[in-house]
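S.K.: how does the following fold in three dimensions:
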Amino acid sequence: MSHIVPQFITDEKGKRVSVIIPIEFYMQLVESMEELEDIRLYDEVKARHEERIPLTDYIAKRRVQKNA
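M.R.: Residues are numbered from 1 along each chain as shown. Below is the predicted model of the structure:
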């Protein structure tokens, strides 16, 4: 979708309060926001410089903690 023409919903004073966009464009926006959030979280965790452990070790550790 290269050209989106949104429709606006206004209140009784003419102030724009909502927007109507095609569902396909909305889904693209949601996907993009989720991807950006994933990138932000990855960068945040990577900046901590914490020790890395294999996933299998982490799962085993969690099982031990859960059963304790």
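S.K.: can you give me the end-to-end span of stretch 7-18?
M.R.: 9 Å (CA to CA, to the nearest Å).
S.K.: all numbers from here: first residue = 13
M.R.: Got it, the first residue is 13 from now on, which makes the last one we talked about stretch 19-30.
S.K.: who touches it?
M.R.: With contacts defined as CB atoms under 8 Å, 6 or more residues apart in numbering, stretch 19-30 is touched by 31-32. Quick note: C-beta positions are derived from backbone N, CA and C, even for glycine.
S.K.: stretch 69-80 too?
M.R.: residue 65.
S.K.: average pLDDT for that stretch?
M.R.: Mean pLDDT, computed over stretch 69-80, is 90.
S.K.: and for stretch 18-33?
M.R.: 97.
S.K.: quick check: end-to-end length of that stretch?
M.R.: Stretch 18-33 has an end-to-end distance of 5 Å (criterion: CA to CA).
S.K.: what distance do you get for residue 30 to residue 63?
M.R.: Using CB to CB, to the nearest Å, residue 30 is found at 47 Å from residue 63.
S.K.: now residue 24
M.R.: Relative to residue 63, and taking CB to CB, residue 24 is found at 59 Å.
S.K.: repeat that for residue 51.
M.R.: Distance, residue 51 to residue 63, using CB to CB: 22 Å.
S.K.: who's more crowded, those two?
M.R.: It is residue 51, of residue 51 and residue 63, that has more neighbours when counted by other CB atoms under 10 Å, with 10 against 5.
S.K.: give the contact list for the residue nearest to the spatial centre of the chain.
M.R.: By CA atoms, centre = their mean, the chain has its centre lying nearest to residue 46, at 2.5 Å. Shown in contact with residue 46 (CB under 8 Å, 6+ apart): no residues.
S.K.: name the SS class of it, please.
M.R.: Following DSSP: H, G, I helix; E, B strand; the rest coil, residue 46 is assigned to helix.
S.K.: swap in residue 31?
M.R.: State at residue 31, reduced to three classes by three-state DSSP: strand.
S.K.: neighbours of it, how many?
M.R.: Counted with other CB under 10 Å, residues neighbouring residue 31 total 11.
S.K.: thank you, goodbye.
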